[in-house]
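# Dropping the sequence and predicted coords here.
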Amino acid sequence: MASASEETAVSIASSEGTMFAVETRPAAAAPGITGITVVILPGLVAPFATHRDALWVRGARRLAGRGHRVLRIDWHGVGDSTGVVTERTPAEPFAADGLAAARWAAATGDAVVLYGACFGARSAAATATRVDGIRAVVLLSPPPVDVETQGQLREQQRLRQMGLREWARWAAGRYPPSTLLHDRRSRRMLARQAAARLRHAFGRSAGPATVSPAFLADLTALVERRVPVLLVYGENDDMSDVVRDAMAGGLGAVVQRPDSTIDLRFLPGVVHSFADRAGQDDIMSVAESWLDARA
Amino acid sequence: MSSVALDRETIVRHADGSDEVLGFHGPPGGVCFVALHRPARPTGAGAVVCSPVHAEQNANYRKEVVLARALAAAGIAVARFHYRGTGNSDACDEMTVGTMIDDAAAVAELLRATAGIERPAVVGTRLGAIVAAAVAAPGAPLVLWQPVVAPARYLRAVLRTRAVGALAGGDEPSRSPAHELAARGEVDVVGFLIRQPFYESVMAADIEGALPPGPRPILLVQLQKSTEISAEHAGLADRWRAAGLDVTVMPVAKAPQWWFREDNWEPSEEREETRELVGLTTDWLSARLALG
């Protein structure tokens, strides 16, 4: 495992701000140098440095101990980066930030692996389809739908089941004109919900529990580009039932197609949120072993 | 501005002319991550920010960044850092309140060496308030955000978080965390390891005992739902006033979710309580440091 002495602070310009990042060089004690730079794209809830007892700092140093160079980033508006996060939804992954980080990694001359967790996994998938030469992608518990929690999913389902008139009454109460006038986020949320509601009304929505079309398109593109993907959920994740249901539909069609490059695994317990230390170690070990086979 | 301040550093420049040097400091095995905020027009004043730890460090992180940028814009140099055993600093299984104080003292010395600031103000949150009190130079202004005044109660609340986390996840709480700590020497609280040496050092910590004697201005900011000052904070302020200290107590009527995610997330810098907290701290420090 590497230490802070093998790390360098890095700034990476993105269209949304200057991202703070840390580069970990392959550890001096590593068995060999793999020529791979792993870009860790964390969730959006906390800085990479402090999330769950420095989970991603430990993760980076463990990967460096296996001979990889590692870059871990703070998204714009998070941790030590500049900028402001104006919206946090899996429907709008931070591909611009991801691309900037991937380009920094590619400039080292190494092969690039994107390693994302939660919101970062959705952003990793979106990034990997926009840049050439990605060696592999690790996706830890990406939200399969365009909301983050079961509570939000239930709310989405309830809204879709409303009649248009009932929905319009709800929207007028939830987003009064004074709010819409002053709050850009509210305007965007209302526009998105209205579009979804209209798609559903005109029969163009495949149903509330289906996987996000954008996420599905990203996974399909990665299969067609022959990029190996490790897709991991916890058996007790908030969204694991949604994933299992989706395997009977569009997600299954991509994951199980004969030429699929996606390795879907369900691990015991919870992956999303990383809220227990032994589980953190298990998840990191699974990803490391999978990457070893591709180094 | 050039820099030879930190090892393996990067510099981020802001539109107001200030910049941030982010990098590492300390000997191999004892390296701390440090962020130095350098004003475009330095006033000769400075501040060291002492973070809380564990999930509270997460919850407070962006507020500290926003505060440091606001202070730098006001001409005050700021040093933020991660204690050894946390964040980007070196791992340290033996982290205690004592090692946290050592790290803060080293960063205060770094601010002196790189920016010529002899008596920086110190800002500390939760457990970081005890660290801040311990490293504040004689007469230096001290800002305490929701300080830990009763360490035993603080630790009980931290350990209870595990049971709440288990219940929230649909699990039965397992054995008593205090028993597990005693038996295994560590306990996992929603993904954060609390180790025995740390636990014991917090139990022995005392914000009043940590503060060096002598007059100084102190701002105590209470972050709770109520604007009524708690008996704990009022009592601490009264005892310090009786000892001749100039204590201001101000409430910000918002209790942060220190350990769990908030349902209605919005970015720190757009929150009313962040603006209020950063604004009143910046104004208070600017006035006190100018007087000093």
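Good, I have the coordinates.
# Distance check, the residue lying closest to A:Leu251 once chain neighbours are set aside against chain B.
Of all residues not flanking A:Leu251 in the chain, A:Val211 sits nearest, at 4.6 Å (CB to CB, 6 or more residues apart in numbering or on different chains). Glycine gets a C-beta too; all of them are placed from N, C-alpha and C. Between A:Val211 and chain B the computed distance is 23 Å (CB to the nearest CB, to the nearest Å).
# So for A:Val211, what's the pLDDT?
For A:Val211, the pLDDT comes out at 85.
# What's the local residue count around residue 275?
I'll assume chain A. A:Ala275 has 22 neighbouring residues, counting by other CB atoms under 10 Å in any protein chain shown.
# you looked at the wrong chain, it should be chain B
For B:Arg275, using other CB under 10 Å, the count is 15.
# Checking it next. Helix, strand or coil?
Assigned with DSSP: H, G, I helix; E, B strand; the rest coil, B:Arg275 falls in the helix class.
# Surely the residue nearest to A:Leu251 is within a helix?
No - counting by three-state DSSP, one finds A:Val211 to be coil, located in no helix.
# how's the chain carved up into domains?
Since no chain was named, I'll use chain A. A:4-145+A:212-292, A:150-201 (automatic domain parsing).
# Can you look at chain B instead?
As given by automatic domain parsing, the domain ranges for chain B are B:7-148+B:206-291, B:151-204.
# Need the winner for burial among the ones you listed.
Highest mean neighbour count of the domains of chain B: domain B:7-148+B:206-291, a mean of 20 (counted as mean count of other CB atoms under 10 Å in any protein chain shown).
# in the stretch 51-200 of chain B, what spans have low per-residue confidence?
B:166-175 (pLDDT under 70).
# I'd assumed A:Ala105 was in a helix, is it?
Yes - A:Ala105: assigned to a helix according to three-state DSSP.
# and stretch A:167-179 with chain B, contact?
No - Stretch A:167-179 stays clear of chain B (CB under 8 Å from any CB of the partner chain), getting no nearer than 12.8 Å.
# tell me the contacts of B:Met203?
B:151-152, B:155 (CB atoms under 8 Å, 6 or more residues apart in numbering or on different chains).
# from those residues, which is closest to chain A?
Using CB to the nearest CB, B:Leu155 comes nearest to chain A of the contacts of B:Met203, at 16.7 Å.
# OK, contacts around that closest one?
By CB under 8 Å, 6+ apart, the contact set of B:Leu155 is B:199, B:202-203.
# just B:Asn88 next, same as before
So B:Asn88 contacts A:4, A:7, A:22, A:49, A:54, A:57, B:24, B:33, B:82 (CB under 8 Å, 6+ apart).
# try 7 Å
A:4, A:22, A:49, A:57, B:33, B:82 (CB atoms under 7 Å, 6 or more residues apart in numbering or on different chains).
# again, but for B:Thr161
Residues counted as contacts of B:Thr161 (CB under 7 Å, 6+ apart) are B:189-190, B:259.
# how about it, secondary structure?
Three-state assignment for B:Thr161 (three-state DSSP): helix.
# Am I right that B:Ile202 is in contact with B:Val97?
I think there's a mix-up here, since residue B:202 is Val and not Ile. Yes - assessed by CB atoms under 7 Å, B:Val202 is found in contact with B:Val97 at 6.0 Å.
# can you give me the strands for the stretch 151-292 of chain B?
Remark: strands assigned in the stretch 151-292 of chain B by DSSP state E, counting those that start in this stretch are B:186-189, B:192-195, B:217-224, B:246-253.
# Nearest residue to A:Ala46 in space, ignoring adjacent ones along the chain?
Distances taken as CB to CB, 6+ apart place B:Asn58 nearest to A:Ala46, at 4.4 Å, with adjacent residues excluded.
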